[in-house]
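Student: this one's structure only:
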């Protein structure tokens, strides 16, 4: 149910993995490159999905999750350097094709922050590598917790000195928006049907303020 | 005593008020503009200096300090709107002439963060208004303290996932560098002889890693 832009919003807070960047495409590309170099046959998509499921939402525990995936998929031929390279791939994931152009438009009207379960260092590296024009990197690390803990959402109005209803959470995941709304934030659901490569979207079963097909559509709906 | 660039530095953390932006020039300009509109005669430089001394380092308490300055300088003819405009002037201060070009060069080689006693919202507004290309806004507000509390410096290596000696504090104020060095950070002193309009610089009386005339000189010395 598409909504109109709510008045008074000044700050947009973005989920990052899946919403801004295509973690699956980035990890598949790195796995495919390594497999070619090692003359290995592997199911890159299945491995990427298994890895992501392993550590979500503990985004800084890539390596522990990867060791499990190596055993599960029989990838013992990968070297220590290969595994390190795969962990580093999370630091330079590709943005969705609309992301940068959409963020640039949105930034002309709103303060743009991240709010991700990734750690600060990971988020800073990602933003640098992809050239993501955020005004402010916020991680749930700042309260040593993870979304959907209410304290993580409270970071946004608290640190940016606005009221909760002047902030809007932007995410491709309904659980994230539901928890943000419970803290008084506005909500924007962005469809990312290729996050898991399925073409399907599990949309919110509750009322959000905006539903958008991508960040350019979001910018248009928010008047940016 | 100019030093050479220390090896292994990955992150530069910048003091902001006086080091990156010219708070005095910005506040004098706003006071002068208001005085002209109100046909008031006032000593803008003296008022700016008195105001700054009032709230340093409590950078978010502009307004309380300003009310004291209004009484001290007999500025009761200023309206509530004038006072609000003066407080807002701290959110769009001009960068020193070399600052943006220097930061752009430094960013090609280092991760750039702020580390200021200004609050997060103030720093985000300043960076947006001036187009300061920081990768990450860090405020001592994140540990609810002020420099030179050791915990404020520890934020930089902790959040950016490097060792203290891989970080360098950049500041125009020796007290700031001394406290940073005590936490294991590298130090760069940047001369800002016009911060207080005097043309004089009180340099550090201890050994810093780098001394620079401005951010372009800093970039050259750090090989960026």
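Tutor: Thanks, I have the structure now. This structure is a prediction, so every number in the text was calculated from the model and none was measured.
Student: okay, CA-based contacts and neighbour counts for the rest of this
Tutor: OK.
Student: hmm, the helix or strand bottoming out on mean pLDDT in chain A touching chain B?
Tutor: Lowest mean confidence among the helices and strands of chain A (mean pLDDT, DSSP states H and E): helix A:62-73, at a mean of 87. No. Counting by Cα under 8 Å from any Cα of the partner chain, chain B has no neighbours in helix A:62-73; the shortest distance is 14.9 Å.
Student: for that helix, which positions count as buried?
Tutor: A:62-63, A:65-66, A:69-70 (16 or more other Cα atoms under 10 Å in any protein chain shown).
Student: what does chain A put close to chain B?
Tutor: A:119-121, A:124, A:127-128, A:135-137, A:142, A:159-161.
Student: now these as a markdown table including secondary structure, pLDDT and neighbour count?
Tutor: Output for the residues of chain A next to chain B, formatted as a markdown table (DSSP: H, G, I helix; E, B strand; the rest coil; pLDDT from 0 to 100; neighbours: other Cα atoms under 10 Å in any protein chain shown):
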| residue | secondary structure | pLDDT | neighbour count |
| --- | --- | --- | --- |
| A:119 | coil | 93 | 21 |
| A:120 | helix | 96 | 24 |
| A:121 | helix | 95 | 21 |
| A:124 | helix | 97 | 25 |
| A:127 | helix | 98 | 23 |
| A:128 | helix | 97 | 20 |
| A:135 | coil | 98 | 24 |
| A:136 | strand | 98 | 25 |
| A:137 | coil | 98 | 22 |
| A:142 | helix | 97 | 16 |
| A:159 | helix | 97 | 17 |
| A:160 | helix | 97 | 21 |
| A:161 | coil | 95 | 15 |
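Student: which residue ranges form the helices in chain A?
Tutor: A:23-38, A:44-55, A:62-73, A:80-89, A:99-107, A:120-130, A:150-160, A:174-182, A:215-221 (DSSP state H).
Student: quick one: which of those has the weakest pLDDT on average?
Tutor: Lowest mean pLDDT within the helices of chain A: helix A:62-73, at a mean of 87.
Student: now the farthest one out in chain A, which residue is it?
Tutor: residue A:39 (31.6 Å; Cα atoms, centre = their mean).
Student: and that residue, what pLDDT?
Tutor: Looking at residue A:39, the pLDDT reads 92.
Student: So residue A:191 sits against residue A:214, correct?
Tutor: Yes. With contact defined as Cα atoms under 8 Å, residue A:191 counts as touching residue A:214 (6.5 Å).
Student: farthest-separated two in the buried residues of helix A:62-73?
Tutor: A:62 and A:70 (12.1 Å; Cα to Cα).
Student: Now do residue A:80 against chain B, distance only.
Tutor: 21 Å (Cα to the nearest Cα, to the nearest Å).
Student: okay but residue A:49 is in contact with residue A:23, surely?
Tutor: No. Using Cα under 8 Å, residue A:49 makes no contact with residue A:23, being 9.6 Å away.
Student: Pick out whichever of the two has more residues nearby.
Tutor: Between residue A:49 and residue A:23, residue A:23 has the larger neighbour count (other Cα atoms under 10 Å in any protein chain shown), namely 26 against 18.
Student: mind checking how far that one is from chain B?
Tutor: Residue A:23 is 21 Å from chain B, by Cα to the nearest Cα.
Student: quick one: that residue and residue A:92, what's the gap?
Tutor: 9 Å (Cα to Cα, to the nearest Å).
Student: re earlier: how about the residues of chain A next to chain B, which pair is most distant?
Tutor: A:128 and A:161 (25.4 Å).
Student: returning to that earlier point: so can I have a markdown table of the residues of chain A next to chain B showing distance to residue B:220?
Tutor: Listed next are the residues of chain A next to chain B as a markdown table, based on distance: Cα to Cα, whole Å:
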| residue | distance to residue B:220 |
| --- | --- |
| A:119 | 31 |
| A:120 | 28 |
| A:121 | 26 |
| A:124 | 24 |
| A:127 | 25 |
| A:128 | 22 |
| A:135 | 27 |
| A:136 | 27 |
| A:137 | 28 |
| A:142 | 34 |
| A:159 | 35 |
| A:160 | 35 |
| A:161 | 37 |
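Student: and which of those is nearest to residue B:106?
Tutor: Using Cα to Cα, the residues of chain A next to chain B come closest to residue B:106 at residue A:128, 13.2 Å.
Student: List the contacts of the closest one.
Tutor: By Cα atoms under 8 Å, 6 or more residues apart in numbering or on different chains, the contact list for residue A:128 reads residue B:135.
Student: Residue A:102 touches residue A:216, doesn't it?
Tutor: Yes. If you go by Cα under 8 Å, residue A:102 and residue A:216 touch, sitting 4.6 Å apart.
Student: What is the end-to-end distance of stretch A:206-223?
Tutor: End-to-end for stretch A:206-223, by Cα to Cα: 24 Å.
Student: Then stretch A:198-213?
Tutor: Using Cα to Cα, the two ends of stretch A:198-213 sit 16 Å apart.
Student: Quick check: the gap between the spatially closest residue to residue A:18 that is not a sequence neighbour and chain B.
Tutor: Nearest non-adjacent residue to residue A:18, counting by Cα to Cα, 6 or more residues apart in numbering or on different chains: residue A:195, 5.6 Å away. Note on residue A:195: its distance to chain B, by Cα to the nearest Cα, is 26 Å.
Student: how far away is residue A:195 from residue B:157?
Tutor: The value you get for residue A:195 to residue B:157, if Cα to Cα is used, is 32 Å.
Student: Could you do residue A:144 as well?
Tutor: Distance from residue A:144 to residue B:157, by Cα to Cα: 16 Å.
Student: Pick out whichever of these two has more residues nearby.
Tutor: residue B:157 (20 against 11).
Student: quick one: contacts for the more buried one?
Tutor: Residue B:157 neighbours (Cα under 8 Å, 6+ apart): B:163-164, B:166-167.
Student: switch to 6 Å and redo it
Tutor: B:163-164 (Cα atoms under 6 Å, 6 or more residues apart in numbering or on different chains).
Student: Pull the contacting residues for residue A:105.
Tutor: Neighbours of residue A:105 in contact, by Cα under 6 Å, 6+ apart: residue A:224.
Student: Let me fix that, I meant to ask about residue A:199.
Tutor: residue A:193.
Student: Report the separation between it and residue A:45.
Tutor: Distance from residue A:199 to residue A:45, by Cα to Cα: 14 Å.
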